[in-house]
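Colleague: The sequence and its predicted three-dimensional model are supplied below.
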Amino acid sequence: MRNLLKKFRRIYALVALPLILFACASSEQISSTSSSPSPSLYSNASPLDLRLSNWPYPYPLKEFKTSLQGQPATMVYMDVPALGKQRGVVVLFHGKNFSSDYWATTIAGLSNAGYRVIAPDQIGFGKSSKPDVSYHFDDLAANTKALLTSLNIKQVSVIANSMGGMLGVRFARLYPQTVQKLVLENPLGLEDYSKDIPPQKNEDLLKLEKAQTEASYRRFLQSYFPNWQPSYEKFVEVYVRVQKGPDYPAYAKTSVLTYQMIAERPVVNDLPQLKMPVLLVIGQKDRTVFGRRFAPPEAVKALGNFPELGKKAQTVIPNARLVPIENVGHVPHVEVPDQFVKIVLEFLNSRN
C-alpha cells in the first residue's frame, strides 16, 4: 500500500505541475491583456493627408471649384451615369463621420436601375477642401446647387443620411423646385438638440477631438452599428491614418467647426414646410444623440429614440411615408444595402 501511495504521488506531480504552470501563465496573460491598450490594427498603414489623397473611392472623381465664406474651395464628387435609359438624377448627402465613398452599394443599385448619381464630398469632408471658416448648412446647400447648375441638372431626388439629412432638409427648403423627392435615412435634426445640449466652446471641443484614440473612435462608430462587421473597420482606418499624418490638427479643427454647424441650426421646424414626397427610412435600433456626452443624463433618456422620431416626423411632414427597418441602426444603406436600395427604388419609381 505504501509503495502504491508513493507511485500515485509521483504521477500526480507529473500531471498537476504542468497544469498549475499553465494556469499561472494564462492568468498573467489575461491580466496583461486587460490592463494594456489594444494594439493598433493600422500601425503599419501610411498616413493620410487632409484631402485623403491616397484613399480609394469606388468611382472616378471629379472636381468643382467653388468657395465657402469667401475662401476658395474644391468640392470633389462622383458622377456615375445611369445604365440603360435614364429615369432621373439622384444626389447623395453623407453624414458627418463619413464621406461619399460609403454610398458605393447605393450608387451601384441606383445606376443599375437607370438613375444618374451625383455623390459629392461636402466642403469640410472627405476629399474636398477643408477651409478654416464658419460652416453653415445653407452654404453647403448653395454649393451643391451650384454644382448641379454647372452640370446642367435642373431636377433631382435627394437621399440623405445622418447629418446629411439636416443638409437635405435645408436643400429641399431652399430649392423646392429642384428637389422632386427626398429620402431621409436616419437623419439628425428630427429633434431640437439645443434644448438639452448646452453650447460648447471650440477650444474644449478641440481638446476632446485630439484626445480621441483608435479604440475610442471604434467604440463611437460601433454605437451606430448594432451588428458590427469587419468591413466597417474601413471607417476606423481612414480616421486613424489621418490622425497619424501631419494634417490632423487642421482635420480636427474642421470636425469642431462642422459640429458647431449641427448644433447651431436645428431643422426640425423645417419639416412641416417640405412639400415634395418624403420617404423616412428609419433603422429601429438607432439611438444616436448628437452631443450626447454634453447632455444631462436625465435628458439623454428622452433623446435619440429614432422609432418614435420617425413616427412623429411622418405626422408633421405633409406628404411623408415611413419605412421602419428592424434590427438596424444609424446607417441602413451600409448595414442592409440590398434592402435599402429596394425600398428607395420603390419610392423613386412610384408616381407620387
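Modeller: Nice, thanks for sending it over.
Colleague: sec struct for the closest residue to Asn202 other than its chain neighbours, please.
Modeller: For Asn202, ignoring the flanking residues on the chain, the nearest one in space by CB to CB, 6 or more residues apart in numbering is Val256 at 5.4 Å. In this view, the C-beta of every residue, glycine as well, is placed from N, C-alpha and C. Secondary structure, DSSP: H, G, I helix; E, B strand; the rest coil: Val256 is helix.
Colleague: OK, contacts around Val256?
Modeller: By CB atoms under 8 Å, 6 or more residues apart in numbering, Val256 lies in contact with Asn202, Leu205, Leu206, Glu209.
Colleague: Could you tell me the phi and psi values at the third one?
Modeller: Right, Leu206. phi -70, psi -40 (degrees, to the nearest 10).
Colleague: and what of the last one?
Modeller: Dihedral angles of Glu209 (phi, psi; degrees, to the nearest 10) stand at phi -60, psi -40.
Colleague: hang on, it packs against Thr254?
Modeller: No - counting by CB atoms under 8 Å, Glu209 does not reach Thr254; the two are 9.8 Å apart.
Colleague: Between these two, point out the one with more neighbours.
Modeller: Using other CB atoms under 10 Å, the more surrounded residue of Glu209 and Thr254 is Thr254, with 22 against 18.
Colleague: Against Gln314, how distant is the more buried one?
Modeller: For Thr254, the distance to Gln314 equals 34 Å [CB to CB, to the nearest Å].
Colleague: Check Lys181 too.
Modeller: Using CB to CB, Lys181 is found at 15 Å from Gln314.
Colleague: if you count what's nearby, which of the two comes out ahead?
Modeller: Lys181 (22 against 16).
Colleague: Verify the stated contact: the more buried one with Glu346.
Modeller: No - between Lys181 and Glu346 there is no contact under CB under 8 Å: 11.6 Å.
Colleague: What segments of the chain are strands?
Modeller: 61-68, 71-80, 88-93, 115-120, 156-162, 179-187, 278-283, 320-325 (DSSP state E).
Colleague: In JSON lines: those strands, plus mean pLDDT and distance to Gln260.
Modeller: Formatted as JSON lines, the strands of the chain follow (pLDDT from 0 to 100; distance: least, CB to CB, whole Å):
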{"stretch": "strand 61-68", "mean pLDDT": "97", "distance to Gln260": "14"}
{"stretch": "strand 71-80", "mean pLDDT": "98", "distance to Gln260": "17"}
{"stretch": "strand 88-93", "mean pLDDT": "98", "distance to Gln260": "19"}
{"stretch": "strand 115-120", "mean pLDDT": "98", "distance to Gln260": "21"}
{"stretch": "strand 156-162", "mean pLDDT": "98", "distance to Gln260": "17"}
{"stretch": "strand 179-187", "mean pLDDT": "98", "distance to Gln260": "19"}
{"stretch": "strand 278-283", "mean pLDDT": "98", "distance to Gln260": "26"}
{"stretch": "strand 320-325", "mean pLDDT": "98", "distance to Gln260": "29"}
